[in-house]
Structure formats: structure tokens, C-alpha cells
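Q: Following is a predicted model, sequence given first.
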Amino acid sequence: TMADMDGNESFDAECLGTCSAVKEERIGDGEMLHVFGCQGGGASTIVLRGANEYMLDEMDRALHDSLCVVKRMLESNTLVTGGGAVEAALSVYLEEFATTLDTREQLAIQEYADALLVIPKTLAVNAAKDSSELVAKLRSCHAKSQSTAATEDDLLLKNTGLDLVKGEIRDNLTAGVVEPAISKIKSLRFATEAAITILRIDDRITLNPDQQR
């Protein structure tokens, strides 16, 4: 309502916007009001159409996830290469770091490095690709980029990730396959904390099955 304290209808002219046209158009079974040629940037409406409610729900979830990724990116202002590049690079680095230790911590770091490869392997399997071959190529590229004798061409391999459409590896930074750094950091941190919590369990209670009568 535009009613003021006196009961009269009034409005502030500064709160009004301008547009070139306002039309009511029919979309599907309903009618929608379209505003064209608005001045300045503002809120926008995205209309989703599908064959049934289940498809619309999937589309809504996919769109929501995409918008959240953009939101995270704008909040952190930092991104990392996607397609399993971060996990493969971190795995190669940790395996090399583990060899510098002469205690039992070496085993824990090696297992952590192996666990990181689950991400690129799962990505390849879900795309119906040869996960063993792709992950081997991916680790080889990142090992070259982290080598002390790496050339300038080898250093460019640090952004190598999976191309799940063609079933090969590529420079995912150039291809635009990126992730918000804050999401990657949080996922690794939460997974590590969950593993530590499970390892702290030093006792268990086993219930015997009920005896048959």
C-alpha cells in the first residue's frame, strides 16, 4: 500500500524508477508482467520451465548451487583450479614431504595424500572415463610442475585438471574451470577434522546378537 500516516495515498518520487515498456505476456499456463529497459542494475527474475515438478526441482537446485558458487567467489575474491587439480597437486606435494620425515608421521601423511586422489578418481568414474589412466597423467603433470628442475613449460602444468567431456587432461584455468578457494579450504578442513575425530575413538562396545530360543 502507498498509504501515509494520514490515510492518504502518496509516494516519494525518488523511490520510483524508469523503464521503456511494461508488457503482460503469457508464459505457459500463466501470465507474467515484463518490465523492459530498466535504468541501472538491480534485481532480476529467472523463470524456470520444465516438464514436471521433479525436473523443476532439479533445475532450481542446480541454479541455486551455481549462484552460491558465484556468491562465494565474490566474497573470498580468490579461486583455485578445478577438475581435481588442487587434490592432485596437494597429493604430489605431501608424498614428497613425507619422504623427509623419519617418524611414523610419514605413514599418516602418505595415507592422507592417497585419500586426496579419491576426488579426481570419483570425477572420472562419474563421467564414465578411465580413472586410473587419467589420474596417473594428472599426477605426472603436477609432479613435473613441482620438480626443482622444472622448466618454464613444466611450471605451466600446475593448472592441469581433468576434461571429463573429452576424457583427457588440460589447463583448466585457461578453460575456465575454477572453484572458490574458501570452499576448497573448508571442505579439506572439515574432512580432516572428521577423520581426526574418528581416530580419537579408542574403545567400542559390541552387542552380541540375541540368542536363538
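A: Good, I have the coordinates. Every value quoted in this text rests on a predicted model; they were computed, and no experiment measured them.
Q: which residues does the residue sitting nearest the centre point of the chain contact?
A: The chain has Glu179 as the residue nearest its centroid, 5.3 Å off, counting by Cα atoms, centre = their mean. Under the criterion of Cβ atoms under 8 Å, 6 or more residues apart in numbering, the contact list for Glu179 reads Val69, Leu79, Val80, Thr81, Gly82, Val86. The way it works is simple: take the backbone N, C-alpha and C, and place the C-beta from them, glycine included.
Q: Tell me the strands beside the one helix or strand in the chain whose mean pLDDT sits lowest, with direction?
A: One helix or strand of the chain scores below all others by mean pLDDT, DSSP states H and E: strand 30-36, with a mean of 83. With DSSP bridges as the test, strand 30-36 is paired with strand 21-27 (antiparallel).
Q: So which residues make contact with the partner strand?
A: By Cβ under 8 Å, 6+ apart, strand 21-27 touches Glu31, Met32, Leu33, His34, Val35, Phe36, Gly37, Val47, Arg49.
Q: Name the nearest residue to the fourth one, sequence neighbours excluded.
A: Going back to what we said before, that points to His34. Computed as Cβ to Cβ, 6 or more residues apart in numbering, the closest residue to His34 that is not its neighbour in sequence is Lys23, at 5.0 Å.
Q: Tell me how far the one you found lies from Gln106.
A: In this structure, Lys23 and Gln106 are 69 Å apart, going by Cβ to Cβ, to the nearest Å.
Q: got the buried residues for the top helix by length along the chain?
A: In the chain, with assignment by DSSP state H, the single longest helix is helix 53-76. Within helix 53-76, the residues scored as buried using 16 or more other Cβ atoms under 10 Å are Arg72, Met73.
Q: Who are the packing partners of it?
A: Applying 3 or more Cβ pairs under 8 Å, 6 or more residues apart in numbering; DSSP states H and E, we find helix 53-76 packed against strand 178-180, helix 181-199.
Q: on that earlier part again, now the buried members of the contacts of Glu179.
A: If we count by 16+ other Cβ under 10 Å, the contacts of Glu179 have these buried: Leu79, Val80, Thr81, Gly82, Val86.
Q: so which two of the contacts of strand 21-27 are the farthest from each other?
A: Taking Cβ to Cβ as the measure, the contacts of strand 21-27 reach their widest spread between Gly37 and Arg49, a distance of 23.8 Å.
Q: pLDDT at Gly7, what is it?
A: According to the prediction, Gly7 has pLDDT 73.
Q: contacting residues for it?
A: Residues near Gly7 by Cβ under 8 Å, 6+ apart: none.
Q: Thr122 and Ala191, how far apart?
A: 13 Å.
Q: do Gly37 as well
A: Taken as Cβ to Cβ, the span from Gly37 to Ala191 is 49 Å.
Q: same deal with Cys68?
A: Shown here: Cys68 relative to Ala191, a distance of 19 Å by Cβ to Cβ.
Q: Run a quick check on Leu123 versus Gly82, I expect a contact.
A: No - with contact defined as Cβ atoms under 8 Å, Leu123 does not count as touching Gly82 (9.4 Å).
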